[in-house]
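1. okay, predicted coordinates and the sequence, questions at the end:
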Amino acid sequence: LTRAIFVYPTKALASDQYRSLQPVLEYFGEGKIQAGVYDGDTMPAERSRIRKSANIILTNPEMLNSAFLPNHSKYGFDFIFANLRYIVIDELHSYRGAFGAHLANIFRRMHRICQYYHSSPQFLCSSATIANPVELAKKVCGTAFSLIEKDGSPSPVREYRIIQPPEIKGHNDKVYGRYAASTVAADMLPDLVKEQRHFIAFGKSRRTVEVILKEARDKLDAAGFLSQADSRKIAGYRGGYTPLERKEIERKMMSGELNGLVSTNALELGIDIGSLDTTVIVGYPGTRASFWQQSGRAGRNGQTCVNYLILENQPFDQYIAVEPGWLFEGKSENAIVDPDNLLIELAHIRAAAAELPLSLDDAALFPSLGEIIPVLMKAEEVKSMAGRFAWSGPAFPAGDYSLRNMDKTVNAGDDVCECTECCKTDDCSLNNCSLGIVVLEDFPRIVFGILEAERNLLCFLIDILYVNINCIAYINNLARMLNVRPS
């Protein structure tokens, strides 16, 4: 009867880890232990099977937020929570900033649900190298942890090469800057294909990925019969591909049909895409942790690997050109997360109220509950019932925000839920209306004592925001407190 939920930051990683689980499931025999991936790509019949009989459920934060918790009393989720013993969080280091704060509040909501069903799951976390893994785990999961830091991963010989793009010179050797890092990468990848190297190149954006991929393929096609390399040996990998396209690319890479991929940081996490011997990082990724994570994609089979860092014409990159020791000798950064962020906490308190009525005892989980409840009552989103506060607002408050941002704006690469029967909504792709921002302005401690200049600015903002019909109720609340009238 025991249930375990494995949480991964992306659908691709959950699917990859499910493949890795297959030998374990086969070892125990058919029907002894069952597992399944429960995400936006899972078909309805498979979802029903997982809810009914899977011991290990592999999912992502979006599904916890929009499917598991809001529907805890339906579709068999009550059986899962009643028998939940383990919650495993992989790639813990990726839950920093707003994403980490959202996950921390999801686990606060899950704690209430588990208490309701008389279960007390144990948290297990795995993380890449960061400076404060125990502190991060405690903030995200809300419980104490013990650190196990012995590294058992393969440690091959790694060679690092830093490439400074050549200068662009005009007449009289006048320097006009340097070539773009993407141009250097596009020149390098065809040579790697000709040398039969297996590689992955990381670009910072989708645009960079597509530019590098097109230019590299064009160079291979231009070589024609003079080259044994084939432009079809390189593929792109980024958000926006369909599930079938992603899985086909992963299959080709693992089978050797592809020599290399040009990817965004979608493949920075520990997805198994075959035996790589080379990484090409186009521009310093911004943190040492990301640099080590991306370069660590090669050499996982224990063989010698080469890692290239192509510098951009940016201050950080050029500092590395002068002081490479800063990159290789310094420690990884601290992962910072603030679970008590007012805007994020407000969004999850609304969702929590729709799951189970709130009480003042929940202030132990949500520190700002005492301030938020009066605001929600004034907005007629909760009603007081015998000392508890029951939800009376919209049917699906868990769909009013994106887990990857501070507000409802969804990045194009977000791994959002694609709902079926257990979400009870036609579309979970969130729009751009940031309701929580306007609600937050209704807090007395923020609005009280506003200077006249600030008051005028807020009046101006109200006039701008008033055009969005979804925000009208919240803007009216703010306008009444400020004693102003939207034009």
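-> Looks like it came in fine. Values in this document were obtained by computation on a predicted structure and should not be read as measured data.

2. pLDDT weak spots in the stretch 51-200 of the chain?
-> Residue ranges of the stretch 51-200 of the chain with pLDDT under 70: 154.

3. I misspoke; the intended subject was the stretch 351-487 of the chain.
-> By pLDDT under 70, the low-scoring segments of the stretch 351-487 of the chain are 406-487.

4. what sits up against stretch 252-261?
-> For stretch 252-261, the external contacting residues (C-beta atoms under 8 Å, 6 or more residues apart in numbering) are 189, 192-193, 196-201, 233-237, 249, 267, 272-274, 278. The C-beta positions use only the backbone N, C-alpha and C, and glycine is treated the same way.

5. off-centre distance for it?
-> Averaging C-alpha positions (C-alpha atoms, centre = their mean, to the nearest Å) puts stretch 252-261 25 Å from its chain's average.

6. for that stretch, list every residue counted as buried.
-> Residues Lys252, Met253, Leu258, Asn259, Gly260, Leu261 are the ones in stretch 252-261 that count as buried (16 or more other C-beta atoms under 10 Å).

7. just the ones of the contacts of stretch 252-261 in strands?
-> Assigned to strands by DSSP state E, the following of the contacts of stretch 252-261 qualify: Phe199, Ile200, Ala201, Ile234, Ala235, Gly236, Tyr237, Thr278.

8. need the worst-confidence member of the residues you listed.
-> Note: of the ones in strands among the contacts of stretch 252-261, the lowest pLDDT belongs to Tyr237, at 87.

9. distance of that residue from Ala222?
-> Distance from Tyr237 to Ala222, counting by C-beta to C-beta, to the nearest Å: 24 Å.

10. which of the ones in strands among the contacts of stretch 252-261 has the most neighbours?
-> Counting neighbours by other C-beta atoms under 10 Å, Ala201 leads the ones in strands among the contacts of stretch 252-261 with 29 neighbours.

11. just checking, that one touches Ser263?
-> Yes: look at Ala201 against Ser263 with C-beta atoms under 8 Å: they come within range, at 7.1 Å.

12. can you pull the alpha-carbon coordinates of the helix ranked longest in the chain into CSV?
-> Counting by DSSP state H, the longest helix found in the chain is helix 97-116. Taking Å, rounded to 0.1, in the frame of the first residue of the first chain, the C-alpha atoms of helix 97-116 are listed here in CSV:
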residue,chain,number,x,y,z
GLY,A,97,14.3,32.0,-6.2
ALA,A,98,10.6,32.2,-7.0
PHE,A,99,10.5,28.6,-8.1
GLY,A,100,11.8,27.4,-4.8
ALA,A,101,9.5,29.6,-2.8
HIS,A,102,6.5,28.3,-4.7
LEU,A,103,7.6,24.7,-4.1
ALA,A,104,8.1,25.4,-0.4
ASN,A,105,4.5,26.7,-0.2
ILE,A,106,3.2,23.6,-2.1
PHE,A,107,4.8,21.4,0.5
ARG,A,108,3.1,23.6,3.2
ARG,A,109,-0.2,22.8,1.6
MET,A,110,0.7,19.2,1.2
HIS,A,111,1.6,19.1,4.9
ARG,A,112,-2.0,20.1,5.7
ILE,A,113,-3.4,17.5,3.4
CYS,A,114,-1.2,14.7,4.8
GLN,A,115,-2.3,15.7,8.4
TYR,A,116,-5.9,15.5,7.2
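
13. which parts of it are buried?
-> Quick answer for helix 97-116 (16+ other C-beta under 10 Å): 97-114.

14. after that helix, which helix or strand is next?
-> As assigned by DSSP states H and E, the chain's next helix or strand after helix 97-116 is strand 122-125.

15. show me what that next one is packed against.
-> With contacts taken as 3 or more C-beta pairs under 8 Å, 6 or more residues apart in numbering; DSSP states H and E, strand 122-125 sits against strand 84-89, helix 133-141.

16. now it: buried residues?
-> Across strand 122-125, burial judged by 16+ other C-beta under 10 Å covers Phe123, Leu124, Cys125.

17. so who does Tyr308 touch?
-> By C-beta under 8 Å, 6+ apart, the contact list for Tyr308 reads Arg161, Ile162, Ile163, Met188, Thr278, Thr279, Val280, Ile281.

18. ranking those residues by neighbours, who comes first?
-> Scoring the contacts of Tyr308 on neighbours with other C-beta under 10 Å, the highest-scoring entry is Val280 at 29 neighbours.

19. so which of the helices and strands packed on strand 122-125 is the most packed in?
-> Mean neighbours per residue, mean count of other C-beta atoms under 10 Å, is largest over these for helix 133-141, with a mean of 21.

20. counting contacts, what elements does it pack onto?
-> Secondary elements touching helix 133-141 (3+ C-beta pairs under 8 Å, 6+ apart): strand 84-89, helix 97-116, strand 122-125.

21. which residues are in contact with the next helix or strand after that helix?
-> Once the chain leaves helix 133-141, the next helix or strand it forms, by DSSP H and E, is strand 158-163. With contact meaning C-beta under 8 Å, 6+ apart, strand 158-163 is reached by 184, 295, 298-299, 304-311, 320-321, 324, 328.

22. contact partners of the helix or strand following strand 158-163?
-> Counting by DSSP H and E, the element after strand 158-163 in chain order, helix or strand, is strand 167-169. With contact meaning C-beta under 8 Å, 6+ apart, strand 167-169 is reached by Val175, Tyr176, Gly177, Arg178, Tyr179.

23. which parts of the helix or strand following strand 167-169 are buried?
-> Using DSSP H and E, the helix or strand that follows strand 167-169 in sequence is strand 175-178. Across strand 175-178, burial judged by 16+ other C-beta under 10 Å covers Arg178.

24. what packs against strand 175-178?
-> In terms of contacts (3+ C-beta pairs under 8 Å, 6+ apart), strand 175-178 is packed against strand 167-169.

25. partner strands of the strand it packs on, parallel or antiparallel?
-> Strand pairing for strand 167-169, using DSSP bridges, gives strand 175-178 (antiparallel).

26. who touches the strand it pairs with?
-> By C-beta under 8 Å, 6+ apart, the surrounding residues in contact with strand 175-178 are Gln164, Pro165, Pro166, Glu167, Ile168, Lys169, Gly170, Asn313.

27. mind redoing it with 6 Å?
-> Strand 175-178 has contacts (C-beta atoms under 6 Å, 6 or more residues apart in numbering) with Pro165, Glu167, Ile168, Lys169, Gly170, Asn313.
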